[in-house]
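Need coordinates for the following:
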Amino acid sequence: MNAQSFRPSTIEALKSLWVALPVRASNDGADGDPRERQMAILSLYSDVLSEFSETAIWNTVNNLRGGKIEEASKSFCPKAPELAVLVRSEQARLDAVNRPKSIPYQPPPRDYLVHVVKQRQKANELAAQGYRCIATGVDHPMSLNMTKKKERGVGSIWFASLQEVWEPPHV
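From the prediction side, this is the model:
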């Protein structure tokens, strides 16, 4: 992997981290070219951080530089696997914060007109069509009794909330 294929934001975050917290010295490759060693370290860190978002990487780097992560060393930069664990936990936190919120059950909208109002509107429409009110104060048993006695004509309508019986004009 060459330097051109690294994500620029990851490189900037690592530079910022390495300025504040130096990478621990080790004997691995100490006799080789320092430039190759730096590229190997950069390649290792970039590979480990390639699956995470820029925001998670920058948040972790800023928290490390500020000493806000208690389990991390305050003197040296964490090794690549340790940094990956810290970034992974930050990525999980960001994913939880940015997850779409579930919408609680919303009952369907209801028509808030009371039955009395609806039935009065319907009675007014029927009156405009020629219907006439033939009885008032009629409860359910009385309505049934009127039907049995044939006091209500065919097509008559009983409004329970109004306790009225309306008859069509042709009866």
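
In what element of secondary structure is Q121 found?
Using DSSP states H and E, Q121 maps to helix 115-128.

got the contact list for that helix?
111, 113, 131, 133, 157, 159-162, 164, 166 (CB atoms under 8 Å, 6 or more residues apart in numbering). (Each C-beta comes from the backbone N, C-alpha and C, glycine too.)

And for stretch 72-90?
By CB under 8 Å, 6+ apart, stretch 72-90 touches 17-18, 21-24, 44-45, 48-49, 52, 56-57, 59-60, 63-64, 67, 69.

hmm, try it at 6 Å
17-18, 21, 23-24, 44-45, 48, 52, 56-57, 59-60, 64, 67 (CB atoms under 6 Å, 6 or more residues apart in numbering).

ok, so of those residues, who is nearest Q91?
Of all the contacts of stretch 72-90, A56 has the smallest distance to Q91: 4.0 Å, by CB to CB.

Was I right to think the closest one contacts A92?
No: counting by CB atoms under 6 Å, A56 does not reach A92; the two are 8.7 Å apart.

Among the two, which residue is more densely surrounded?
Using other CB atoms under 10 Å as the criterion, A56 and A92 rank with A56 on top: 21 against 11.

Relative to R7, how far out is I134?
I134 sits at a distance of 84 Å from R7 (criterion: CB to CB, to the nearest Å).

just Q119 next, same as before
In terms of CB to CB, Q119 sits 69 Å off from R7.

cool, and S46?
Taking CB to CB, one finds S46 at 7 Å from R7.

which one of these two has more residues nearby?
Remark: of S46 and R7, S46 carries more neighbours, 18 against 13, as counted by other CB under 10 Å.

Does the more buried one lie in a helix or a strand, and which?
Per DSSP H and E: S46 is located in helix 34-49.
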